[in-house]
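*Asks:* With the sequence up front, the predicted model follows.
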Amino acid sequence: MTEEGLLLATTNQGKTKELKARLGSLPIAIYSLREMHITQLFPEKGKTFLENARGKSLYYSHQAKALTLAEDSGIEIEYLNGAPGVYSSRFAGPNATDEENLQKVLRLLDGIPPEKRKARFVSCMVLSLKGKIIKVIQEHAEGLIAFQKKGNSGFGYDPIFYYPPLRRTFAELSSDQKNAVSHRGRALDKMHTFLLSYLSLQNSRKGEGG
């Protein structure tokens, strides 16, 4: 892999699909960890989304020697004092499925009224190259935890994350609708804009050097 490529530093296939769909129009080849046959994975032990995203981005950028985009995200629930937070993907256990995680949330909030079910999705993205951080972007989306699952789109906690402005869960939205309002969608918009500018500048420098 060369510096001409962009590595998506995530093992989450749902997240990889979203990232590729949104960044696919960039003038750069985009690869997943699986496509690059990278099997030595970063141990996520950070206490914040930023700490995990920084760690993953730097770790994989050393292996790939290419632009590396890492994202750490999750859901914070007010009634649970911010949990699951950085443990969102393993809230119900080390190898928990999306279904097991969201069912645990529903159990913990069983009988809790709407006004105490406030939650927010958080996304932190870090772009780096050869061990040097180039850009950090953080975004969030505010909502409520629904009383039951609704919708078949998205992944993770989408079926129980109710977004008041659209009166639907994230899993009830189309990809375009979700990307326009979600934490990751907003962060990706900013990262896409940054990468367009960054790649344009790099190409200009190469032209001058030639």
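*Replies:* Received it, and whenever you're ready, just let me know what you need. Residues are numbered from 1 along each chain as shown.
*Asks:* And the helices in the protein?
*Replies:* Listed in chain order, the helices found in the chain under DSSP state H are 13-23, 49-64, 98-108, 175-181, 183-209.
*Asks:* Single out the most deeply packed of those helices.
*Replies:* Greatest average neighbour count among the helices of the chain goes to helix 49-64 (a mean of 21), per mean count of other CB atoms under 10 Å. Where you see a C-beta, it was placed from the backbone N, CA and C, and this is true even at glycine.
*Asks:* What are the contacting residues of that helix?
*Replies:* 1, 5, 7, 9-10, 33, 36, 38, 40, 42, 44-46, 67-74, 85-86, 122-133, 136, 138 (CB atoms under 8 Å, 6 or more residues apart in numbering).
*Asks:* Quick one, which of those residues are buried?
*Replies:* Among these, those buried by neighbour count (16 or more other CB atoms under 10 Å) are 1, 5, 7, 9-10, 33, 36, 38, 42, 44, 46, 67-74, 85-86, 122-129, 138.
*Asks:* Among these, which ones are in strands?
*Replies:* Cross-referencing these against strands under DSSP state E gives 5, 7, 67-74, 122-129, 138.
*Asks:* So, low pLDDT: which residues of this protein?
*Replies:* Under the criterion of pLDDT under 70, the regions of the chain flagged as low confidence span 1-4, 206-210.
*Asks:* same thing but 90
*Replies:* Counting by pLDDT under 90, the chain contains low-confidence residues at 1-4, 10-22, 24, 34-41, 43-45, 63-66, 154-155, 175-176, 179, 200-210.
*Asks:* How about the contacts made by the residue nearest to residue 116 when sequence neighbours are not counted?
*Replies:* Across the structure, with CB to CB, 6 or more residues apart in numbering as the measure, the residue nearest residue 116 apart from its sequence neighbours is residue 79 (5.1 Å). Taking CB under 8 Å, 6+ apart as the definition of contact, the neighbours of residue 79 are 108-109, 112, 116-118.
*Asks:* Just send those back as CSV, with distance to residue 158 too.
*Replies:* Rendered in CSV, the data for those read as follows (distance: CB to CB, whole Å):
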residue, distance to residue 158
108, 18
109, 16
112, 20
116, 21
117, 16
118, 17
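*Asks:* contacts for stretch 129-139?
*Replies:* Counting contacts by CB under 8 Å, 6+ apart, the residues outside stretch 129-139 that touch it are 3, 49-50, 53-54, 57-58, 61-62, 65-68, 122-128, 183-184, 186-187, 190-191, 194, 198.
*Asks:* now residue 31: how far from residue 165?
*Replies:* Distance, residue 31 to residue 165, using CB to CB, to the nearest Å: 35 Å.
*Asks:* So these two - more neighbours on which side?
*Replies:* residue 31 (20 against 9; other CB atoms under 10 Å).
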